[in-house]
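**Q** sequence first, then the predicted structure, then my questions.
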Amino acid sequence: MFPSRSRALDGDLHIYMNYRGDLVCTPADAARMQLGEGLHLANYVAANALTSLVHDRAMLEQFAGIDLPWTSENTAARMGVEYRNDLLGHVHALDPGAPPACYYSGHDRSDHVVDWPPNTVACAEWRELGATVGYCRADVPRNGGSSRGGAPSSSSTTSSR
């Protein structure tokens, strides 16, 4: 994405452009956020939040594998994706060449309540699509118990890094 550089780059690999709440961000808003924060690299992820709605899915479908319009010689902006699993946490992909087959699993309020397929399946698909994969963190079931027969939540499974 960048020619060889002699200085460090700043970036964020996991940005929700639209995720929750009443504010709807446009691509122009996303560009202002990236440029205002001085980020050389921004990876905006299409993601769900406990339901079947995948926020910014249409944007990923339009811009998968190509630069977002405000990319310049000094900045790169790409659409990525998040795979969210209530039991196993969530992972993200930078710059997949196409949208994935599955975006989430294991959400009680979604059309995919079973914690399957595991994150490894999503990561393997993303690598086949040419993406760089990153691990975000484990998710904690909100009810304080286990997630559909999974391990109970504990400090060992809730670490954010």
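**A** Ah, there it is.
**Q** mind telling me what element the residue most central in space within the chain is part of?
**A** The residue lying closest to the centre of the chain (Cα atoms, centre = their mean) is residue 82, at 2.7 Å. Taking DSSP states H and E as the definition, one finds residue 82 inside strand 76-85.
**Q** that strand pairs with which strands, and in what direction?
**A** strand 41-48 (parallel), strand 89-94 (antiparallel), strand 104-105 (parallel) (DSSP bridges).
**Q** out of these, which is closest to residue 75?
**A** strand 41-48 (7.4 Å; Cβ to Cβ). Heads up, the C-betas are built off the backbone N, CA and C, glycines and all.
**Q** please report how far residue 53 lies from residue 107.
**A** As judged by Cβ to Cβ, to the nearest Å, residue 53 and residue 107 stand 10 Å apart.
**Q** more neighbours: which of the two?
**A** Between residue 53 and residue 107, counted using other Cβ atoms under 10 Å, residue 107 has the larger neighbour count: 22 against 13.
**Q** ok, how many other residues are close to the closest residue to the more buried one other than its chain neighbours?
**A** Closest residue to residue 107 apart from its sequence neighbours, by Cβ to Cβ, 6 or more residues apart in numbering: residue 50 at 5.0 Å. Using other Cβ under 10 Å, residue 50 is surrounded by 16 other residues.
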